[in-house]
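**Q** return atomic coordinates for the entry below.
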Amino acid sequence: MQYFNDLKNIISKIDTDSLISIKDSILNCYKRSGIVYIFGNGGSGATASHVAGDYLKTIQGLRIVCLNDNTTVLSAIANDISYEEVFREQLKNIVQKQDLVIGISGSGNSKNILNAIAHANSKDVETIGFCGFDGGDLKNIAHKSMHVQIHDMEITEDVHLSCFHAIKRDIADNLLKNLL
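**A** A predicted model of the protein is given here:
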């Protein structure tokens, strides 16, 4: 099947230096007792939710919050302000300098993701963008990015989740080694 051929091809092109740098950012946030805020829309939102659950369960002491999991807050902000503000408005109330903000957008152009990343940048909070296709604006405005260079949303989403799993496994393995 072509899907698997395309998936194998793009996996072989993953920028592991970027993954290591992102892993280091998550570890540094952990060490400074910051909170990781992660979010996305649609499939990317499902990835964000999955990552928050996995990381909370696996990395003891890591504080991570998925901003798209609270439907009451999302719908209130979308209704009263704008859907483009659903993540920025949440960050305005909670983000602090020691935190880390991760936005996931397959296209790299989701306005609500870009608004939240721009807000975090304005507060000197480190930002990371996970994107696909040509990277969109997210690739350029986030401090760090994991860009899956393929014009295929499903493969982009699958590779994003695999990257987060690889980072989690590496962090968990390293923390376990340090405890022994």
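
**Q** phi, psi of the residue nearest the centre of the chain?
**A** Compute the mean C-alpha point of the chain, and by CA atoms, centre = their mean the closest residue is residue 102, 3.5 Å away. The main-chain torsion angles of residue 102 are listed as degrees, to the nearest 10 and equal phi -120, psi 120.

**Q** enumerate every residue touching it.
**A** When contacts are counted by CB atoms under 8 Å, 6 or more residues apart in numbering, residue 102 touches 36, 37, 38, 39, 48, 127, 128, 129, 130. Backbone N, C-alpha and C define where each C-beta goes, glycine included.

**Q** ranking those residues by neighbours, who comes first?
**A** The residue in the contacts of residue 102 with the most neighbours, by other CB atoms under 10 Å, is residue 130 (33 neighbours).

**Q** is residue 60 in a helix, a strand, or coil?
**A** coil (DSSP: H, G, I helix; E, B strand; the rest coil).

**Q** how far off centre is stretch 51-70?
**A** Here stretch 51-70 is found 11 Å from its chain centre; the criterion is CA atoms, centre = their mean, to the nearest Å.

**Q** which residue packs closest to residue 130, ignoring adjacent ones?
**A** Counting by CB to CB, 6 or more residues apart in numbering, residue 104 is the residue found nearest to residue 130 once chain neighbours are left out, at 4.4 Å.

**Q** what about the one you found, which SS state?
**A** Three-state assignment for residue 104 (three-state DSSP): strand.

**Q** pLDDT value on it, please?
**A** At residue 104 the predicted local confidence, pLDDT, stands at 98.

**Q** same question for residue 32.
**A** The per-residue pLDDT of residue 32 was computed as 96.

**Q** repeat for the one 10 residues further on
**A** In the predicted model, residue 42 carries a pLDDT score of 97.

**Q** isn't residue 124 right up against residue 97?
**A** Yes: taking CB atoms under 8 Å as the contact criterion, residue 124 and residue 97 are neighbours in contact, 5.7 Å apart.

**Q** more neighbours: these two, which one.
**A** Neighbour totals were compared for residue 124 and residue 97, and residue 97 leads with 11 against 7 (other CB under 10 Å).

**Q** that one: which element?
**A** For residue 97, there is no enclosing helix or strand under DSSP states H and E.

**Q** how about it, phi and psi?
**A** phi -60, psi -30.

**Q** surely it and residue 123 touch.
**A** Yes: using CB under 8 Å, residue 97 is in contact with residue 123, at 6.8 Å.
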